[in-house]
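Asker: Predicted model follows, preceded by the sequence.
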Amino acid sequence: MIFAEKLIKLRKQQGWSQEELASQLDVTRQSVSKWESMASIPDLDKIIKLSRIFGVSTDYLLKDENEMPEEELIPAEVSEAQEQIRKVSLEEANGFLEQTRRSAAKIAAGVSMCIMCPVPLIILAGFAEQAGVEKAKNLAAGLGVGILLIMVAMAVAFFICEGFNLKKYEYLELDSIVTEYGVAGIAERKREDYEPMHRRAVIAGVCCCILAAVPLIVIGTICGDNDMLALWMVALLLALVAGGVFLLVHSSIIWESLEKLLEEGDYTREKKRENRKNGIVAEIYWGAATAVYLAWSFLTFQWERTWIIWPVAGVLYGVIIAIINGIRNRKAMK
């Protein structure tokens, strides 16, 4: 291993972020990031500090051919010796990142289509209501529901197809990994390059979702009796939400692919062990949330309101998982 990979490995073994290590060395996070991405190397003073912090020799840090002696292994790593560890080659890593880039757009489009699918039904129902002809109403309802189901079917097809395409890389979410020479440095550089774009996408996506209701509120205040205009504003609301969600989902999938290779964020080894335990809970929870969304939407036809289930479900899921993990940790301490 080279110095950059040794530094990443030692930092992760301690469970520290780049910011936490930087604070111990009195340097910036960007300095640590540059060391780990092979953009620069620390001076001798920082090498000595690193050897003291991690309890390893300077020879181990500086000489590429050196492997960590058994007596220098960190206890946390020894305790995980029985855990399955997968080796990730440079070819596998590049294939995963490329496939994720292609799949991200289709998955995000599928999610947006699920949000947009009631728009044709809403607009057609509005035109039929204005016409006042019963046969036109029935035709509009049938055509609208047909388009809705086609859009949902296309979205599901995207999910299934891309799920199969990414299936062979599923181990990156579940298993502990060790990367070949240079993989960690490449992933770190890609993440640094993508970070500004990811930040902008998240800000834009959240703003779209928050501001989506503004046109409907304004039109409702100014033209309270114009039902057709109100329906168009509902359609615009759903379009803005769909656009915001597309940005969030697309950017998050790409960002998470880099974190999977680096085993950081939600994909540290500890988090992976928790995710394996919480897998059944997630399947039951999101299946139930989907059933509630569809039942409420089809029974009330208030699609402009029922989308709120998803952000609420997302927040509640985080709370439920935190409670489950807290109970599990408390039991483990007894």
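Answerer: Done, it's in. Numbers count the residues shown, from 1 in each chain.

Asker: What segments of the stretch 1-150 of the chain are strands?
Answerer: When secondary structure is read from DSSP state E, counting those that start in this stretch, the stretch 1-150 of the chain shows strands at 85-88.

Asker: For residue 252, which residues are in contact?
Answerer: Applying Cβ atoms under 8 Å, 6 or more residues apart in numbering to residue 252 gives the contacts 198, 202. Where you see a C-beta, it was placed from the backbone N, CA and C, and this is true even at glycine.

Asker: Check the gap between it and residue 198 for me.
Answerer: The gap separating residue 252 from residue 198 is 8 Å, by Cβ to Cβ, to the nearest Å.

Asker: which residue packs closest to residue 209, ignoring adjacent ones?
Answerer: Closest residue to residue 209 in three dimensions, ignoring its sequence neighbours and counting by Cβ to Cβ, 6 or more residues apart in numbering: residue 244, at 4.2 Å.

Asker: Wait, the one you found touches residue 202, no?
Answerer: No - Residue 244 sits out of contact with residue 202 when judged by Cβ atoms under 8 Å, with a separation of 9.9 Å.

Asker: Of the two, which one has the most company?
Answerer: Taking other Cβ atoms under 10 Å, residue 244 and residue 202 do not tie; residue 244 has more neighbours (23 against 16).

Asker: dump the residue contacts of the more buried one.
Answerer: Applying Cβ under 8 Å, 6+ apart, we find residue 244 in contact with 204-209, 212.

Asker: next one: residue 148
Answerer: Counting by Cβ under 8 Å, 6+ apart, the residues that residue 148 touches are 117-118, 120-121.

Asker: Just give me the neighbour total for residue 42.
Answerer: By the criterion of other Cβ under 10 Å, residue 42 has 19 neighbours.

Asker: distance of it from residue 35?
Answerer: Distance from residue 42 to residue 35, by Cβ to Cβ: 6 Å.

Asker: Also residue 119?
Answerer: If you measure residue 119 against residue 35 using Cβ to Cβ, the figure is 50 Å.

Asker: now residue 169, nearest residue through space, not along the chain?
Answerer: Nearest to residue 169 is residue 96, by Cβ to Cβ, 6+ apart, at 4.7 Å.

Asker: no no, residue 309
Answerer: residue 293 (4.7 Å).

Asker: show me the contacts for the one you found.
Answerer: Contacts of residue 293 by Cβ under 8 Å, 6+ apart are 306, 309-310.

Asker: Could you export those as TSV, including neighbour count, secondary structure and distance to residue 50?
Answerer: Output for the contacts of residue 293, formatted as TSV (neighbours: other Cβ atoms under 10 Å; DSSP: H, G, I helix; E, B strand; the rest coil; distance: Cβ to Cβ, whole Å):
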residue	neighbour count	secondary structure	distance to residue 50
306	19	helix	54
309	16	helix	49
310	18	helix	45
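
Asker: between those, which is nearest residue 186?
Answerer: Checking these against residue 186 by Cβ to Cβ gives residue 310 as the nearest, at 34.4 Å.

Asker: Look at that closest one and report its pLDDT.
Answerer: Note for residue 310: predicted pLDDT of 76.

Asker: Kindly report the same for residue 83.
Answerer: 51.

Asker: before we move on, the earlier item: tell me which two of the contacts of residue 244 sit farthest apart.
Answerer: Based on Cβ to Cβ, the longest span within these runs between 204 and 212 and measures 12.5 Å.

Asker: Of those two, which one has the most company?
Answerer: Neighbours were counted for residue 204 and for residue 212 using other Cβ under 10 Å; residue 212 has more, 20 against 15.

Asker: Distance-wise, check the nearest residue to the more buried one once chain neighbours are set aside relative to residue 312.
Answerer: Distance criterion Cβ to Cβ, 6+ apart; nearest residue to residue 212, sequence neighbours excluded, is residue 240 at 3.8 Å. For residue 240, the distance to residue 312 equals 18 Å [Cβ to Cβ].

Asker: What count of nearby residues applies to the closest residue to residue 27 other than its chain neighbours?
Answerer: Excluding the flanking residues, the one nearest residue 27 by Cβ to Cβ, 6+ apart is residue 46, at 7.1 Å. Per other Cβ under 10 Å, the neighbour tally for residue 46 reads 16.

Asker: now residue 139
Answerer: For residue 139, the count of nearby residues is 14 (other Cβ under 10 Å).

Asker: Could you do residue 267 as well?
Answerer: 21.

Asker: mean confidence score for stretch 86-95?
Answerer: Here the average pLDDT along stretch 86-95 is 87.
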